[in-house]
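Visitor: All I have is the shape, not the residue letters:
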């Protein structure tokens, strides 16, 4: 290489310094940008040339720009974020469900209403011919029925809301799948000529993160660089170049069913991860289960109470009618309809609490008072009060478990984020040092060219003489 | 380990959020003094508390029933006291009428005994709030007609004092006024015997009144025992209520001292974190470069 060839070494060095400056600037600008992984300029020594006595490196060469990431950690984080998002959603829904049952201090719950019913009938048993106490007992039975009805209504409204949310999430998932396919294609095009389409990969990471949180699924990068995305358990959402969007249909009970884009199969019951899985679990298991429980409770209460009053006599000595409607109870939705028989509200003397027909006989009132406390075969041998307490207890335990799971997930996510940040995160101190390095490198390269220029000037002046 | 700037902010935010959460929970406890409001706060504690609260409500119902029964029994006791006084007076009149030779005042005695018989009928038809207390469970109609025939039954209105404890709050009129001897018939017979001046018959009827007096006194003693039983039940419930309230408090109420310490810890953590963040966050090598 002659003297003029050395200029290219200086130029390469200045170019590399400029690029380094640019990369440091990008890193600083994106220090808090979600999905951004810090960039690093890969520099190597220039291809060596032979010189007398051996090989000599020829300046610096920019090999490329590297997006600093650890795919294993990233995959672990995504998996845990999916779990965390699912737990958060579940926790939100379960707490909402729990609030429908009232709290201890306010005494608004079914347990409280059942205890009031027992107390009112206890009192009536001692004075079964007292009209005020009859009204009080009927009113307490009505309040218990209304509490069950209201709780059921709130649960149904929440189920409808979860159903709508599931529909919105399906729409969002399909939209994200389209975005992922688009980014897969753009990245393939951009990187077809070599290099890394880092900004597009950042965007794709954000899309994948949201997909994972929404579905709990997993992303796998194929050898061609395209990302495949699948739901837990198999159904594919994105094959790489194509999206297989979910579709929906309404079941006969009106609930939303979710169909796989791959084969059209109903995958609703298999989706139990991420936000969508939790929303479906809340709709079908948490709320659906509690609705069934309330139906069971209402059916049992109506059946036992009406059986007692049917064998009793009212204040006029006539054969008794039902205390609760619908009579007979049965089928889903009984808890939505349970109410005190309208005739009793009009005429409290019709309440049948006498086993003998005598107005002072309150033996049936006493048995009605025991409805809440006595074990019933219809409630698997539990009392109504025990059944409600168990229902709330199991709900509370599920919330407590989910709270712990969510906390563990959050902690894991924090740790994984810290680990990932140690690789992908921007350190302003590092970038400050990098800026100085590049600045100094640029100044040195410029000085190198200046010296070269002086050399060449000397040489040229020699020629000119 | 290499640490990115974002890690500092995330750690600070996570720490602050945890301290805030602890503070918010503590403040919730301070607001109403409760640590268990819902099942998720303490599933087993909540389960127990529901049962204890239901028992408290039930006790209140039992006590209302007991108080009503006691009022009825007190009225019955007063009536029986009056019956005893009335029978004693009738026996005095009968003794006076049977003791001497012909006495023109026996007509007046007959009038007195007849009046006492009418008062007895009125007492036998004692009512409280429109309910007849000597008709058994037939509380709606008058138990005795003017002739002294009983129209009630032999049952009693049974007021619950607890789940397995009942107390009769009415009496069978037959038991009070007929089983110890037909009081109305005896007084009718004495009245007629006094009018007819059949002193021997009058003397023969006196033991009937004596037996009836003993019988009514026994019934009254039974009523007194029932009232004592009610008082004992109410007292027992009063003790149980205190115990239940204490147990509910132990489960539901927050330990204020512990809560204040927890709040102070959260505040200290939050302050220390904020102070550290103020020193660390936003500081970098750039601050020292010219």
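Guide: It's in. This structure is a prediction, so every number in the text was calculated from the model and none was measured.
Visitor: can you pull the pLDDT of residue B:100?
Guide: Residue B:100 carries a pLDDT value of 65.
Visitor: Give me the nearest residue to the closest residue to chain A within chain B, chain neighbours excluded.
Guide: Residue nearest to chain A within chain B: residue B:4 (2.1 Å; Cβ to the nearest Cβ). No exception for glycine: its C-beta is placed from N, CA and C like everyone else's. Counting by Cβ to Cβ, 6 or more residues apart in numbering or on different chains, residue B:4 lies nearest to residue A:425, which is 2.1 Å off, once chain neighbours are set aside.
Visitor: Number of residues surrounding the one you found?
Guide: Using other Cβ atoms under 10 Å in any protein chain shown, residue A:425 is surrounded by 26 other residues.
Visitor: these two touch, right, it and residue B:5?
Guide: Yes - counting by Cβ atoms under 8 Å, residue A:425 touches residue B:5, with 6.9 Å between them.
Visitor: which residues in the stretch 1-150 of chain B form strands?
Guide: B:127-128, B:131-132 (DSSP state E, counting those that start in this stretch).
Visitor: For residue A:119, find the nearest of those.
Guide: strand B:131-132 (21.0 Å; Cβ to Cβ).
Visitor: which residues are in contact with the closest one?
Guide: A:127, A:129-130, A:360, B:72, B:125-126, B:138-143, B:152, B:170 (Cβ atoms under 8 Å, 6 or more residues apart in numbering or on different chains).
Visitor: quick check: mean pLDDT across that strand?
Guide: So the average pLDDT for strand B:131-132 ends up being 94.
Visitor: can whichever helix or strand comes after that strand be found next to chain A?
Guide: Using DSSP states H and E, the next helix or strand after strand B:131-132 towards the C-terminus is strand B:158-162. Yes - counting by Cβ under 8 Å from any Cβ of the partner chain, chain A has neighbours in strand B:158-162: B:158-160.
Visitor: what about stretch A:23-37, average pLDDT?
Guide: 89.
Visitor: so where is the stretch 1-150 of chain B shaky, pLDDT-wise?
Guide: Where the stretch 1-150 of chain B drops to pLDDT under 70, the residues are B:100-104.
Visitor: what residues does the stretch 201-350 of chain A put near chain B?
Guide: By Cβ under 8 Å from any Cβ, the part of the stretch 201-350 of chain A that sits against chain B consists of residue A:315.
Visitor: mind running it again at 6 Å?
Guide: Taking Cβ under 6 Å from any Cβ of the partner chain as the criterion, chain B has no neighbours within the stretch 201-350 of chain A.
Visitor: In the stretch 201-350 of chain A, which residue sits nearest chain B?
Guide: Counting by Cβ to the nearest Cβ, the stretch 201-350 of chain A gets nearest chain B through residue A:315, at 8.0 Å.
Visitor: confidence score at that residue?
Guide: pLDDT at residue A:315 comes out at 94.
Visitor: Report the secondary structure state of it.
Guide: coil (DSSP: H, G, I helix; E, B strand; the rest coil).
Visitor: Could you tell me which residues make contact with it?
Guide: Residue A:315 makes contact with A:349, A:359 under the criterion Cβ atoms under 6 Å, 6 or more residues apart in numbering or on different chains.
Visitor: okay, the strands of the stretch 1-150 of chain B, which one's buried deepest?
Guide: Most buried of these, by mean neighbour count (mean count of other Cβ atoms under 10 Å in any protein chain shown): strand B:131-132, with a mean of 23.
Visitor: strand partners of that strand, parallel vs antiparallel please.
Guide: In the sheet, strand B:131-132 lines up against strand B:127-128 (antiparallel) (DSSP bridges).
Visitor: coming back round to it: is it true that the residue of chain B closest to chain A touches residue A:423?
Guide: No - counting by Cβ atoms under 6 Å, residue B:4 sits too far from residue A:423 to count as a contact (8.6 Å).
Visitor: Those two - which one has more neighbours?
Guide: residue B:4 (23 against 16).
Visitor: Next, give phi and psi for the more buried one.
Guide: Backbone torsions for residue B:4, taken as degrees, to the nearest 10, come to phi -80, psi 160.
Visitor: and if you look at residue A:425?
Guide: phi -70, psi 150.
Visitor: Compute the distance between it and residue A:194, please.
Guide: Residue A:425 is 27 Å from residue A:194, where distance means Cβ to Cβ, to the nearest Å.
Visitor: What of residue B:116?
Guide: 126 Å.
Visitor: more neighbours, those two?
Guide: Taking other Cβ under 10 Å, residue B:116 and residue A:194 do not tie; residue B:116 has more neighbours (20 against 6).
Visitor: For the longest helix anywhere in chain B, enumerate the helices and strands it packs against.
Guide: The longest helix of chain B (DSSP state H) is helix B:43-99. Other helices and strands packing on helix B:43-99, by 3 or more Cβ pairs under 6 Å, 6 or more residues apart in numbering or on different chains; DSSP states H and E, are helix A:110-126, helix A:384-424, helix B:106-124, strand B:158-162, helix B:199-252.
Visitor: Which elements pack onto the shortest one?
Guide: Pointing back at strand B:158-162 there. Using 3+ Cβ pairs under 6 Å, 6+ apart as the contact test, the elements touching strand B:158-162 are helix A:110-126, helix B:43-99, strand B:165-168.
Visitor: let's go with 10 Å and repeat that
Guide: Counting contacts by 3 or more Cβ pairs under 10 Å, 6 or more residues apart in numbering or on different chains; DSSP states H and E, strand B:158-162 is packed against helix A:110-126, helix A:363-369, helix B:43-99, strand B:165-168, helix B:199-252.
Visitor: How about the last one?
Guide: Counting by 3+ Cβ pairs under 10 Å, 6+ apart, the packing neighbours recorded for helix B:199-252 are helix B:43-99, helix B:106-124, strand B:158-162, strand B:165-168, helix B:183-195.
Visitor: how far does the first one sit from the chain's center?
Guide: The offset between the C-alpha centroid of helix B:43-99 and the centroid of the whole chain comes to 10 Å, using Cα atoms, centre = their mean, to the nearest Å.
Visitor: and the direction of it versus that of helix A:110-126, what angle?
Guide: Put simply, helix B:43-99 runs at 10 degrees to helix A:110-126, going by axes from the mean of the first three to the mean of the last three Cα atoms, to 10 degrees.
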